[in-house]
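Enquirer: Dropping the sequence and predicted coords here.
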2 protein chains.
Amino acid sequence: MKFTLENTDPRSSARAGLIETDHGTIETPIFMPVGTAGTVKAVHQAELENEINAQIILGNTYHLYLRPGIEVLKNAGGLHKFNGWSHPILTDSGGYQVYSLSHRRKIKEEGVTFQSHIDGSRHFFSPEVAIDIQRTIGADIIMAFDECTPYPCDYRYAKKSMEMTHRWLKRCCEHFDKGEGHYGYKQTLIPIIQGSTYDDLRRQSAETIASFDRDANAIGGLSVGEPAEDMYRTTELVCEILPKEKPRYLMGVGTPANLLECIGLGIDMFDCVMPTRNARHGLLFTQHGIMNMKNAKWKDDHSPIDADGPCSTSRFHTKAYLRHLLHSKELLGAQIASLHNLSFYLWLMAEARKHIKAGDFSTWKKRMVEVVQRRL
Amino acid sequence: MKFTLENTDPRSSARAGLIETDHGTIETPIFMPVGTAGTVKAVHQAELENEINAQIILGNTYHLYLRPGIEVLKNAGGLHKFNGWSHPILTDSGGYQVYSLSHRRKIKEEGVTFQSHIDGSRHFFSPEVAIDIQRTIGADIIMAFDECTPYPCDYRYAKKSMEMTHRWLKRCCEHFDKGEGHYGYKQTLIPIIQGSTYDDLRRQSAETIASFDRDANAIGGLSVGEPAEDMYRTTELVCEILPKEKPRYLMGVGTPANLLECIGLGIDMFDCVMPTRNARHGLLFTQHGIMNMKNAKWKDDHSPIDADGPCSTSRFHTKAYLRHLLHSKELLGAQIASLHNLSFYLWLMAEARKHIKAGDFSTWKKRMVEVVQRRL
């Protein structure tokens, strides 16, 4: 994986760059739609490519490992062949879902034993296992196996957990570096900074992670319930430590305003279930603000969902129609809303990039952050 | 509405024709995807038009009347404007759903009182009300308000009900003929033959319905659980009575084999929830037979869903991927399967039309009827 830093905003830490992988080039800053079980929910792959303009999507190791299972993915020739997405794929390590979804999990130095949330079957993930699974999935970008601490988290636990995450990272790297890219494509491993909301731990973790000198660096353990100021302060703090010449990935973030603020702090990559999950609940993000499409006020509003937005589907359909679909629990409601939100997220990243390149990101961002948080 | 009979098969009663409406021309024989609440479930309107090649879709009066409600549809400028489908729309009269879905319904000569299955609210449908609602929906083709008898149905009830349906038809016609096309488009009213599985009643009903001399004629009360032979015998019997120069619509039918057989008996129009409902349950129809995509046998089958089929989406995705999506209850599973089944149904109708025009429908049909019923 190769990163080219193209432009840096003069009045913030925002950057525009290019990430090159064997499955294609990614223009940063970028938002990566989440395709948990090998599908971005309610969206066709052709729509991702041609309408949303997604450049890279996520797959979840925990979900894919349990279903369809690694053997099936291996026989398919990897996730790209399995789901027909030919552009880059990033996989999380499975750690986050083991902690948040599975049953009877037990974390030890060696790894984590857990029971599947689907059928209760028993499994074991370790740094080595997580790397092997992601290798077999065929991810272009593989995430280190870490422990993502909850919020709030007491200092002692945060420190102990961070130190284990660092030891696990060493095992991840050693195991990864012994292996080779699968299916004829190069793969890369990204380490993850932890340390909860404690500045000294975050500083220590950022320095440790940077010292591993991988192709990119990620920030985990944020967007888990902490106040936005904590997220921004932590992000700023670690971005100042992380090397400028490598992409920075803020995991699990966030709202459009979160994305804009964190781009300003030097983040290049984001992922979040918010645009798709909120879409299914009828919450739309637009360049004019947030719309709850289930509200009665849209019942007889026969104007386009988003007349001047980037999504052709929401320029075509009306607010009243989408509200009706959502109220009637029609699948097309989730489809239209998901298309809309993802198109908006990708558009917002492309706009940010444009303004970074034009040198006026900071003034544009200030205005946009206000606008995108309005309730319409 | 204008019907042009183009070709008749020399060895069966199959016909190819053209139905012209103000929203476009329909090539028959035709299958009409069901868009119950103003949406063909899990399918985008653009997909209906460009991938499935649907020429006309259905809307359900009962559902649309309850949600979004007739005022909303009126303010939108009719269902075409509301859901963005610019081609012909046919609406059922609401009768069938009142009997099958609503609560505490009471049928009297004047009409039917019933409670909504959504919120228990009380409503009243009569022949006149059903016409008014369909006028406001803006359907190109409006169905008469009838009583659809269940199967089995005792002779006395079937006769009494049929006679009331005939009296209701008179009221439908009188009320319809006093009105005018809405939103600047012409509308037409189609009467429905009833009479359960009793040949003498069906004969009597076909003669009565034909005597109303409307633009087309429909056959109701079939595909409600009776043996296929009863359906075919009844269809054949009434097709011999109905005028050749008018389209014949067999309501609620059916499987691919049912469609082929009934085309051979002289039917021009079909609708059925089967392709979309079965798709959501993982049952696919193909030109080689029927596939239950949830079966374990597809788990590791990485060949296209339907390699030589008419649906680009099922040529693109694999059986193993679709099986995974359906097992994981991912919305994309319903989306792909619905696209597939509807594409196949429309393809089958286009093929039938081609063979009718070529004069070899009967031999083609005989072979296809066998093939499409195979279990793969």
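Expert: Great, that's in hand. Numbers count the residues shown, from 1 in each chain, chains lettered A, B, ... in the order given.

Enquirer: hey, let's count contacts and neighbours off CA atoms from now on
Expert: Noted.

Enquirer: Next, the contact list for the residue nearest to A:Gly77 when sequence neighbours are not counted, please.
Expert: The shortest distance from A:Gly77 to any non-neighbouring residue, by Cα to Cα, 6 or more residues apart in numbering or on different chains, is to A:Tyr183 (6.6 Å). When contacts are counted by Cα atoms under 8 Å, 6 or more residues apart in numbering or on different chains, A:Tyr183 touches A:77-78, A:138.

Enquirer: By neighbour count, which of these wins?
Expert: Counting neighbours by other Cα atoms under 10 Å in any protein chain shown, A:Gly138 leads the contacts of A:Tyr183 with 28 neighbours.

Enquirer: can you pull the contacts of the residue nearest to A:Val273 when sequence neighbours are not counted?
Expert: Using Cα to Cα, 6+ apart and skipping the chain neighbours, the partner closest in space to A:Val273 is A:Val34 (5.9 Å). Applying Cα under 8 Å, 6+ apart, we find A:Val34 in contact with A:40, A:57-59, A:271-273.

Enquirer: For these, please prepare TSV with the additional fields secondary structure.
Expert: Shown next, in TSV, are those (DSSP: H, G, I helix; E, B strand; the rest coil):
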residue	secondary structure
A:Val40	coil
A:Ile57	strand
A:Leu58	strand
A:Gly59	strand
A:Asp271	strand
A:Cys272	strand
A:Val273	coil
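
Enquirer: between those, which is nearest chain B?
Expert: Distance to chain B across these (Cα to the nearest Cα) is lowest for A:Val40, with 8.2 Å.

Enquirer: how close does the closest one sit to A:Ile56?
Expert: The gap separating A:Val40 from A:Ile56 is 11 Å, by Cα to Cα, to the nearest Å.

Enquirer: A:Ser314 now?
Expert: In terms of Cα to Cα, A:Ser314 sits 23 Å off from A:Ile56.

Enquirer: just for the stretch 151-300 of chain A, where's the confidence low?
Expert: Filtered on pLDDT under 70, the stretch 151-300 of chain A yields no residues whatsoever.

Enquirer: Please list all residues in contact with whatever residue of it ends up closest to chain B.
Expert: Closest approach between the stretch 151-300 of chain A and chain B, counting by Cα to the nearest Cα: A:Asp300, at 5.8 Å. Taking Cα under 8 Å, 6+ apart as the contact definition, A:Asp300 lies against A:320, B:72, B:75-76.

Enquirer: Quick one: buried ones out of the residues you listed?
Expert: By neighbour count, with 16 or more other Cα atoms under 10 Å in any protein chain shown, the contacts of A:Asp300 hold A:320, B:72, B:76 as buried.

Enquirer: Next up, the contacts around A:Thr165.
Expert: With Cα under 8 Å, 6+ apart, A:Thr165 has these contacts: A:145-147, A:194.

Enquirer: same deal with A:Pro310?
Expert: Counting by Cα under 8 Å, 6+ apart, the residues that A:Pro310 touches are A:343-344, A:347.

Enquirer: and chain A, which of its residues are near chain B?
Expert: A:37, A:39, A:41-44, A:67-68, A:72, A:75-76, A:82-84, A:299-300, A:302, A:316-318, A:320-321, A:324-325, A:328, A:330-332, A:335 (Cα under 8 Å from any Cα of the partner chain).

Enquirer: Mind giving me the ChimeraX select for those, buried ones only?
Expert: Listed next is the ChimeraX selection for buried residues among the residues of chain A next to chain B, using 16+ other Cα under 10 Å:
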select /A:37,39,41,42,43,44,67,68,72,76,82,83,84,299,300,302,317,318,320,321,324,325,328,330,331,332,335
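
Enquirer: Among the residues of chain A next to chain B, which ones are in helices?
Expert: Among the residues of chain A next to chain B, the members falling in helices (DSSP state H) are A:72, A:75-76, A:82-83, A:316, A:320-321, A:324-325, A:331-332, A:335.

Enquirer: Please name the two of those residues that end up farthest apart in the structure.
Expert: A:Asn75 and A:Ala320 (45.6 Å; Cα to Cα).

Enquirer: export the contacts of A:Thr165 to CSV and tack on secondary structure?
Expert: CSV is the format used below for these (three-state DSSP):
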residue, secondary structure
A:Phe145, coil
A:Asp146, coil
A:Glu147, coil
A:Gln194, coil
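
Enquirer: Let me know the closest of these to B:Leu90.
Expert: For those, the nearest to B:Leu90 is A:Phe145 (56.2 Å; Cα to Cα).

Enquirer: Isn't A:Asp271 up against A:Gly252?
Expert: Yes: under the criterion of Cα atoms under 8 Å, A:Asp271 makes contact with A:Gly252 at 5.2 Å.

Enquirer: Need the overlap of contacts for these two.
Expert: By Cα under 8 Å, 6+ apart, A:Asp271 and A:Gly252 have no common neighbours.

Enquirer: what phi and what psi does the backbone show at A:Glu6?
Expert: Phi and psi for A:Glu6, reported as degrees, to the nearest 10, are phi -90, psi -50.

Enquirer: Tell me the spacing between A:Leu376 and A:Ile305.
Expert: For A:Leu376 relative to A:Ile305 (Cα to Cα), the value is 12 Å.

Enquirer: Give me the more crowded residue out of those two.
Expert: A:Ile305 (28 against 14).

Enquirer: Can you read off the pLDDT for that one?
Expert: Note for A:Ile305: predicted pLDDT of 98.

Enquirer: Confirm for me that it is in contact with A:Thr318.
Expert: Yes: using Cα under 8 Å, A:Ile305 is in contact with A:Thr318, at 4.9 Å.

Enquirer: would you list every one of the strands in the stretch 251-376 of chain A?
Expert: For the stretch 251-376 of chain A, the strands defined by DSSP state E, counting those that start in this stretch occupy A:269-272, A:283-286, A:289-292.

Enquirer: Deepest in the core, which of those strands is it.
Expert: strand A:283-286 (a mean of 24; mean count of other Cα atoms under 10 Å in any protein chain shown).

Enquirer: residues making contact with that strand?
Expert: Outside strand A:283-286, the residues that touch it by Cα under 8 Å, 6+ apart are A:256, A:275, A:278, A:290-293, A:306, A:309, A:337, A:340-341, A:344, A:372.

Enquirer: Of those residues, which is the most crowded?
Expert: Result: A:Ala337 is most packed of those (other Cα under 10 Å), 30 neighbours.

Enquirer: how about the spatially closest residue to that residue that is not a sequence neighbour, what does it touch?
Expert: Spatially, and ignoring its direct neighbours in sequence, A:Ala337 is nearest to A:Ala279 (4.8 Å; Cα to Cα, 6+ apart). The contact partners of A:Ala279, taken as Cα under 8 Å, 6+ apart, are A:334, A:337-338, A:341.
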